[in-house]
Every structure is written in structure tokens, then in C-alpha cells.
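Chemist: Sequence plus the predicted model coming up.
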Amino acid sequence: MADPIEQFEIHALPGLDFGEVTLPVVGTVHLAVTNSHVAMTIAFLLVVGFLALVTSNAKIVPGRLQSAGEQLFGMIDGVTDSIIGHEGRKYFPFVFTLFTLILGMNLLGMFLTFTATSQLAVTLTFAVLTIGLVLVVGFAKHGLGFFSLFWPSAAPLVLRPVVGAIEFLSFLLRPVTLALRLFGNMLGGHVALKIFAGFVVALGAGAFVGEGMGLWGLPVAALSMTMVVALTALEFLVAFLQAFVFAVLASIYLNDVVNLGHGH
């Protein structure tokens, strides 16, 4: 059976490994175009192409493609508006960009042999960008008052330092949990798919060449094939849900600083 982890290895494309290159400021780096770069670039182009098609010939009575785009737009607009409030529209472009890029990479990974969001470096980048924006908005709107986020005024005075320390630690862990949630779900789902698909091939081939379980392997192969179909359907659902959850959590974290002091 093929190694289920092999699908997550990053490697340079043939002829596109440029070796060690010295860049200004950055210094010496290993420059190469990898399967990860290609997957992310294709996802980006597909998202941009889809949105361009949706908006280029908009009609009062939308067609199927325009309806799909408007539903995605309306869904994320509803998320930012309901969570952040009247200022949610300001942060909609950022949240919508996160959602569409993550969704594009997740779905594309179902068709390619490489899934960009199964790489912790990619999911951590999205998480750091999100928390970075939270910090920028927090200090821009409130200055040093941003630190009141970690001082629970509603708690008894004696407990405030303890609760505040927990709040601060929780804030520091947000990018980690954001990154790990997306990374873990995409990694685990694709590993499970690879394992069951390997069972189908190994047991099915063994039944015809008289190896392994022989003909007894056919029922197990059929059961594994059923699991592959079920897991594939589940992975498409997870691909959407993980992008949506990331958008929701990003909105919640932005709401914490946008509406700091309003009922906090």
C-alpha cells in the first residue's frame, strides 16, 4: 500500500528548482517552484476567475453561476454583519477573501494529488494574518485600551488577574488553534481516504492474482470502496465547513476588538 503521508510532501517541479539564490535583504534562500506553489496559484486563479464570471455580466434575474456567487457573498456578508455589527461591512472583504481562498484550496485538493491547506505553514499564515489584523484594529481603535480585552471587569476583583491571565493566554493561542483546526481536518480526511483507497486496490488486485486474502478480499474491498465514496462526500462537506468556520472565527476575533468596551 502506498504511504498515505506521501501525498503531503512538498517537492520542486522538474526544471523549476533554481537552487541557492541570494536576494536583497532576505539573504540566501533555496528558490524553487513547488507543488504547493502550483496548488495555491491554481486555487487563487480559480477563485478570481469564478468571481469575475459572476460579476462580469450580472443580471437582475441571476443565472445559476451568478446565484451561487451571490449566495456565497450574502452568506459571508451575513456572518460579518451578525457577528461584528454595523461595522462588519468594513471587514467583509478580508473575511470573504479568507473564506474563498480556503474553500478554493480545500476543494481543489479533492481533485489534485496535493492539498495546500494540509500544510501547517499555509494554515498558520492565514491564522497569523487574521490575528495580525485583529492587533492592528485593536491598537488603532483603542490604543493601550486594547489591553482591557484581558481585564474582565465583570469578574470579582480578586479573580480578575487570574481570569485576565487565562484570557491573555487564550488570545496568544488563537492563531495556533485556528491553524491546527484547518490543518488537522484536511490532513486527517485525506489520510483516511488514501488508506481506504489503498485497501480497495490491494485487496482487489490480490483477489485476481491469488495473493493476500484471495477471493475473500473482494467483500472487504467492496466495503472499503463504500467507505471511500462516503468519505469523499464527507470531505467535500468538510472542505466547505472548515472554510466557513475559519470565516466565523475570524469575525468573532475581529468583533472582540471592534466592539471592545461594548458589554465587555
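Modeler: Sure thing, it's come through.
Chemist: Please report how far L16 lies from A121.
Modeler: Distance, L16 to A121, using CB to CB, to the nearest Å: 19 Å. (Glycine included, C-beta is placed from N, CA and C.)
Chemist: L172: how many residues sit nearby?
Modeler: 10 (other CB atoms under 10 Å).
Chemist: what does L45 give?
Modeler: 11.
Chemist: And for F126?
Modeler: For F126, the count of nearby residues is 20 (other CB under 10 Å).
Chemist: ok, and the closest non-adjacent residue to it?
Modeler: L98 (6.2 Å; CB to CB, 6 or more residues apart in numbering).
Chemist: Could you double-check that the one you found lies in contact with A247?
Modeler: Yes: using CB atoms under 8 Å, L98 is in contact with A247, at 5.9 Å.
Chemist: Between those two, which is the more surrounded one?
Modeler: Counted by other CB under 10 Å, L98 and A247 do not tie: A247 has more neighbours, with 25 against 22.
Chemist: Within the helices and strands, which one has that one?
Modeler: Following DSSP states H and E, one finds A247 within helix 217-258.
Chemist: Report the distance from that helix to the chain centre.
Modeler: Relative to its parent chain, helix 217-258 has a centroid offset of 11 Å by CA atoms, centre = their mean, to the nearest Å.
Chemist: I'd like the distance between A221 and V228.
Modeler: Computed as CB to CB, the A221 to V228 distance reads 10 Å.
Chemist: what does D81 give?
Modeler: Between D81 and V228 the distance is 40 Å, computed by CB to CB.
Chemist: between the strand or helix carrying T130 and helix 217-258, how big is the angle?
Modeler: Secondary structure from DSSP H and E places T130 in helix 120-142. Between helix 120-142 and helix 217-258, the angle comes out at 20 degrees (axes from the mean of the first three to the mean of the last three CA atoms, to 10 degrees).
Chemist: Show which residues not belonging to helix 120-142 make contact with it.
Modeler: Contacting residues not belonging to helix 120-142 are listed as 36, 40, 91, 94, 98, 101-102, 105, 116-117, 146, 148-149, 174-176, 178-180, 182-183, 246, 250, 253-254, 256-258, 260-261 [CB atoms under 8 Å, 6 or more residues apart in numbering].
Chemist: go on, stretch 96-104?
Modeler: The contact list for stretch 96-104, computed with CB under 8 Å, 6+ apart, reads 43-44, 46-47, 51, 72-73, 76-77, 117, 126, 129-130, 182, 239-240, 242-244, 246-247, 250.
Chemist: Need the CA coordinates for that stretch. PDB is fine.
Modeler: Provided in PDB are the C-alpha atoms of stretch 96-104 (Å, rounded to 0.1, in the frame of the first residue of the first chain):
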ATOM      1  CA  PHE A  96     -14.600  36.900   2.300                       C
ATOM      2  CA  THR A  97     -11.100  36.700   0.800                       C
ATOM      3  CA  LEU A  98     -10.100  34.200   3.600                       C
ATOM      4  CA  PHE A  99     -13.200  32.200   3.000                       C
ATOM      5  CA  THR A 100     -13.000  31.900  -0.800                       C
ATOM      6  CA  LEU A 101      -9.200  31.200  -0.800                       C
ATOM      7  CA  ILE A 102      -9.500  28.500   1.900                       C
ATOM      8  CA  LEU A 103     -12.600  27.000   0.200                       C
ATOM      9  CA  GLY A 104     -10.800  27.000  -3.200                       C
END
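Chemist: Flag every buried residue along that stretch.
Modeler: F96, L98, F99, T100, L101, I102, L103, G104 (16 or more other CB atoms under 10 Å).
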